[in-house]
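Enquirer: I'll drop the sequence and a predicted model, then ask my questions.
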Amino acid sequence: MKETTAVGNIPKPGDVVITKVGFADNEGSKIRPALILFEELGNVIIAGITTNLRMKGIPITKSEGAAQDSVIKMNFVFTITNDSILKTVFSLSGEKIEMVLEELHNKLDALKV
């Protein structure tokens with residue numbers, strides 16, 4: 001698994017990256033893994049990743065490229081800037097991307113009136 005620096009590069013959907021994530025109270029940040037959902041004009045929409053396997057989400061394993069077995073938290077989606085991304089670690093398989101799309105679709109379906 002080759003790590004590449006993402007700073008200055010536009011991330012692509014499906015990339016798992018290491019990024020600086022600001023705390024909700026705006027008092028500092030933490031280095032965390034995240035999944036790139038999409039990027040537009042320097043704004044990067046990501047889903048957080050946790051190693052807490054009891055959390056609800058899409059599992060990713062060490063054999064897929066994760067440092068530890070983890071969960072993509074589809075209920076933890078937010079925006080960062082491109083320069084917050086420290087490095088790209090790996091890209092999800094097509095099968096996992098389909099799972100992400102399905103979960104996003106299910107969550108956004110609630111917007112239908």
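Expert: Perfect, thanks for sending it.

Enquirer: which ones are touching T50?
Expert: Going by C-beta atoms under 8 Å, 6 or more residues apart in numbering, T50 touches G57, S70, V71, K73. Heads up, the C-betas are built off the backbone N, CA and C, glycines and all.

Enquirer: got JSON lines for those, with secondary structure, pLDDT and distance to E27 too?
Expert: Converted to JSON lines, the contacts of T50 look like this (DSSP: H, G, I helix; E, B strand; the rest coil; pLDDT from 0 to 100; distance: C-beta to C-beta, whole Å):
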{"residue": "G57", "secondary structure": "coil", "pLDDT": "95", "distance to E27": "26"}
{"residue": "S70", "secondary structure": "strand", "pLDDT": "98", "distance to E27": "26"}
{"residue": "V71", "secondary structure": "strand", "pLDDT": "98", "distance to E27": "26"}
{"residue": "K73", "secondary structure": "strand", "pLDDT": "96", "distance to E27": "22"}
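
Enquirer: report the buried members of these.
Expert: For the contacts of T50, a burial check counting by 16 or more other C-beta atoms under 10 Å picks out G57, S70, V71, K73.

Enquirer: would you turn the residues you listed into TSV with distance to I36?
Expert: Converted to TSV, the buried ones among the contacts of T50 look like this (distance: C-beta to C-beta, whole Å):
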residue	distance to I36
G57	16
S70	15
V71	17
K73	14
